[in-house]
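Visitor: have a look at this fold, sequence not included:
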């Protein structure tokens, strides 16, 4: 058995409202954590409830103070898209580039501090509270978390679908 080896990210871009706002950003996509309930079963068992998701937050470290930063920090709900290319090596030793995309919808939760130092590029970390998070790798959907639509779809299965059909 062989599992493809994922290599480095070689480039990325950031879009807000369909407009390119940055290149070569550092991006931290959100952790998706279900709410848990403690149940007494031979001690305490913390059972995840996938129909209820804790707050999701992404962060983007933007180089430079410019129009792109201004667009990202406007306190409006907005669509964001991040694209990046990573290398993959298969069982035959063939390395290829694979495109990845993350589609987010959210609003910034603050105006970030901006680090300024003579001789260095300025940078700011923008954090976004999310309503929607959709990830694709090589054109294949990994998952979709959509708070407004009540969707928690992982590998094609909607873990909130049964609940929604009963309401």
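Guide: Perfect, thanks for sending it. Keep in mind that what you see is a predicted model, and the values were worked out from it rather than measured.

Visitor: now do the residue nearest to the spatial centre of the chain, the pLDDT please.
Guide: For the chain, the residue sitting closest to the mean C-alpha position, by Cα atoms, centre = their mean, is residue 29 at 3.2 Å. On pLDDT, residue 29 comes in at 97.

Visitor: from residue 15, how far out is it?
Guide: 15 Å (Cβ to Cβ, to the nearest Å). For every residue, glycine as well, the C-beta is placed using N, CA and C.

Visitor: and for residue 95?
Guide: Taking Cβ to Cβ, one finds residue 95 at 27 Å from residue 15.

Visitor: and for stretch 141-155, what's in contact with it?
Guide: Here stretch 141-155 makes contact (Cβ atoms under 8 Å, 6 or more residues apart in numbering) with 32, 50-51, 53, 56, 131-136, 156, 158-161, 163-164.

Visitor: rerun at 10 Å
Guide: Applying Cβ atoms under 10 Å, 6 or more residues apart in numbering, the external contacts of stretch 141-155 come out as 30, 32, 34, 50-53, 55-56, 100-103, 105-106, 130-136, 140, 156-161, 163-164, 167.

Visitor: and it, what's buried?
Guide: Across stretch 141-155, burial judged by 16 or more other Cβ atoms under 10 Å covers 143-147, 151-153.

Visitor: A helix includes residue 93, no?
Guide: No - under DSSP: H, G, I helix; E, B strand; the rest coil, residue 93 falls outside any helix and is assigned coil.
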